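Chemist: Sequence first, then the predicted structure, then my questions.
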Amino acid sequence: MHIKRAHSNLIHIRFRGVQGGVTQPVNSRIASFNRIEICAPLGLLPRWAFTGIKRVKSGEKRPISQRGWPHCLRLCPIGTVTLSLFLASCVGSAHQMPISPPLADGVDKGEPMVLAPTDQPSRLSFDRYETELATIYVVTVPATYTVTVAASETLQSVETFAEETGAAVVLNAGFFDPMNGQTTSHVVVNGVVFADPADNERLVNNPDLTEYLAQILHRSEFRQYDCDDGTRYEIAPRNGDFPMGCTLSNVVGGGPQLLPTDTSLAEAFTAVDENGQLVRDAIGSLQRNARSAVGLRADGTVLLVMVSQQEATNSGMTLAELTAFMQAQGVKQALNLDGGSSSSLLFEGEAFYGRLNSDEQSVMRPIKSVLIVKP
């Protein structure tokens, strides 16, 4: 089959040997094919096409593998790529491959992720993925390390956070107001409330935000618990319950949740009118930009993700593309963090920044709160 975008929210699918084709919504699911061939813009690749791709160069053939299925990338027209899948080993199985990740409006909290150290590697891993529009940095954190939260009274760089905390990894986290340096996300550090967005007068007294304020103050957050059976992590709405036998140690707010469902509408990142037309998109979720996110796999592994731009305009990832990428990494729960000029990551002393200015130089913006990784 061949796949192409036919409309802003449609994908046109043409099967080999079948004339015409069909047009399907972007969240359609396809299953039980012995062979699938897809030609699609790089920015619209299905989630499973990302797996194993480190660099895709013009004209290059590169075999990759996912769950034992042979794959091969072949060159399509400029800006697109063909992905051929031979799925003979999957005949009769119930594999379903989303063309685009399913998105929903409500909050689906899911279960806290409990670390399982016996089947995880013992060292941090750092991977870099490239497309024509984005460079994606991924730090995989095993159970031998702990992900916690750090914050500062003043805005500072990821390098400074690393120096002050001794952290091996630092990723920007919560939202803040660059005009007054105050948080717009909840932050708890070592069991003590560090920052509450309700104390930010520019936020709570903004007349343009009055109708959304209750949702803004209860957005989703990354949580680190100290529990009777060890460390647990969870991505949950602000008013979500704690697991039994656990003490809440560290929290940083973000949003929206990307997985298992998209909470953009529920948390007032977006809003629609009575006709269903988008009237608010607070973080430009439909546009490509630098992005940061945290994800949890089912075994409790934590992924810290930062997307940097390849060009100053129309590059990076949309939230839907970021969701698809994280799904491809096996993430079950994911939370978007502050992005754009705030996106920044430090790994073992080297800093990476997400946003490019008009001169295509990295923007090094100081930030309010971060996720840090320590042994």
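Modeler: Cool, the structure landed.
Chemist: hey, where'd the helices end up in the stretch 251-375 of the chain?
Modeler: For the stretch 251-375 of the chain, applying DSSP state H, counting those that start in this stretch gives helices covering 319-328.
Chemist: State which strand of this protein is the longest.
Modeler: strand 146-156 (DSSP state E).
Chemist: what sits up against that strand?
Modeler: 141, 160-161, 164-165, 167, 170, 173-174, 176, 178, 181, 183, 187-190, 194-195, 222, 224, 231, 233, 249-252, 294, 302, 304, 366-375 (C-beta atoms under 8 Å, 6 or more residues apart in numbering). Heads up, the C-betas are built off the backbone N, CA and C, glycines and all.
Chemist: which secondary structure elements does the helix or strand just after that strand contact?
Modeler: Using DSSP states H and E, the helix or strand that follows strand 146-156 towards the C-terminus is helix 158-165. On a contact count with 3 or more C-beta pairs under 8 Å, 6 or more residues apart in numbering; DSSP states H and E, helix 158-165 meets strand 146-156, strand 169-172, strand 344-347, strand 367-374.
Chemist: same question for the first one, mean pLDDT?
Modeler: Okay, so that is strand 146-156. Mean pLDDT, strand 146-156: 97.
Chemist: picking up where we left off before, please list only the buried members of the contacts of strand 146-156.
Modeler: 141, 160-161, 167, 170, 173-174, 176, 183, 187-189, 194-195, 222, 224, 231, 233, 249-252, 294, 302, 304, 366-373 (16 or more other C-beta atoms under 10 Å).
Chemist: Let's verify Ala198: helix, strand, or coil?
Modeler: Under DSSP: H, G, I helix; E, B strand; the rest coil, Ala198 falls in the helix class.
Chemist: Just list the residues touching it, thanks.
Modeler: Taking C-beta under 8 Å, 6+ apart as the test, what Ala198 contacts is Val204, Leu217.
Chemist: Number of residues surrounding Arg128?
Modeler: Arg128 is flanked by 12 other residues according to other C-beta atoms under 10 Å.
Chemist: same question but for Cys246, I mixed them up
Modeler: Cys246: 19 neighbours (other C-beta under 10 Å).
Chemist: Asp208 too?
Modeler: Asp208 has 7 neighbouring residues, counting by other C-beta under 10 Å.
Chemist: for the protein, which spans come out with low pLDDT?
Modeler: 1-121 (pLDDT under 70).
Chemist: Let me see the domain layout of it.
Modeler: For the chain, automatic domain parsing gives the domain ranges 2-98, 113-374.
Chemist: Out of those, which is the most enclosed?
Modeler: domain 113-374 (a mean of 19; mean count of other C-beta atoms under 10 Å).
Chemist: related to what we said a few turns ago, export the helices and strands packed on helix 158-165 to JSON lines and append columns for distance to Gln277.
Modeler: Formatted as JSON lines, the helices and strands packed on helix 158-165 follow (distance: least, C-beta to C-beta, whole Å):
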{"stretch": "strand 146-156", "distance to Gln277": "36"}
{"stretch": "strand 169-172", "distance to Gln277": "32"}
{"stretch": "strand 344-347", "distance to Gln277": "34"}
{"stretch": "strand 367-374", "distance to Gln277": "33"}
